[in-house]
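Trainee: Output the structure for:
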Amino acid sequence: MRFSVVEIGYDRRQVDSCLDELGVRLTRLAAWAESTAGTGREWDRIRREAAGLCGLLRRYDVDDAAVVGRHAGEVEREAAAILARARFELDAAREEARQVRERAYAEAVQARREFEAALQARRRREARADEILGGVTVEPVPVDTPTAAAATTGSGVPATRGAAVGAGDPPGGRDEARAG
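Mentor: All right, here's what the predicted structure looks like:
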């Protein structure tokens, strides 16, 4: 006999049906054994076996209810424990999510304040630069005016007094530096 496996054990309807059928067959066997009564030890053994099997079926009906009740209590306790653990873990996860959300919000607010402060400082510097540059007048330089860039020697060194005296010498020359 094969029974479908369900969440807890076997399909109760299939098992009950099988036991009912077995009970009917055993009852027929016992009746048949009674009708052929008294022809030897073999028939007595068959009668005892059939009566024992019928008793076994009746006993299982009573015992099964107690076993199922016991197992149901264990299953319910285990389910309640699992549910309690799940609720505890859910509460812990919610609390952690709340803390992360609050921390992220605080960091976002702080970043926005810092950004706005930097933007305000930039605007102040821009206004100050506009104020300073607003008073400056620019006069065009004639094209033929010599500039520092135009006064370079062939080696790319500016033809200034510092370049003529020596790069590391003081403006007065080497002799002044030794005298001092």
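Trainee: Summarise which helices and strands the helix or strand harbouring residue 125 is packed against.
Mentor: When elements are assigned from DSSP states H and E, residue 125 belongs to helix 41-134. Contact analysis of helix 41-134 by 3 or more Cβ pairs under 8 Å, 6 or more residues apart in numbering; DSSP states H and E lists helix 12-35 as its packing neighbours. Every C-beta, even on glycine, is put in place using the N, C-alpha and C of the backbone.
Trainee: ok and the helix it packs on relative to helix 41-134, angle-wise?
Mentor: Using axes from the mean of the first three to the mean of the last three Cα atoms, to 10 degrees, the direction of helix 12-35 lies 180 degrees away from that of helix 41-134.
Trainee: buried ones in helix 12-35?
Mentor: Going by neighbour count (16 or more other Cβ atoms under 10 Å), the buried part of helix 12-35 is 15, 23, 26, 29, 30, 33.
Trainee: what would these look like in a markdown table with distance to residue 88 and pLDDT?
Mentor: Converted to a markdown table, the buried residues of helix 12-35 look like this (distance: Cβ to Cβ, whole Å; pLDDT from 0 to 100):
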| residue | distance to residue 88 | pLDDT |
| --- | --- | --- |
| 15 | 37 | 78 |
| 23 | 48 | 78 |
| 26 | 52 | 77 |
| 29 | 57 | 74 |
| 30 | 57 | 72 |
| 33 | 62 | 67 |
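Trainee: which one of those is nearest residue 141?
Mentor: For the buried residues of helix 12-35, the residue nearest residue 141 by Cβ to Cβ is residue 15; the value is 109.5 Å.
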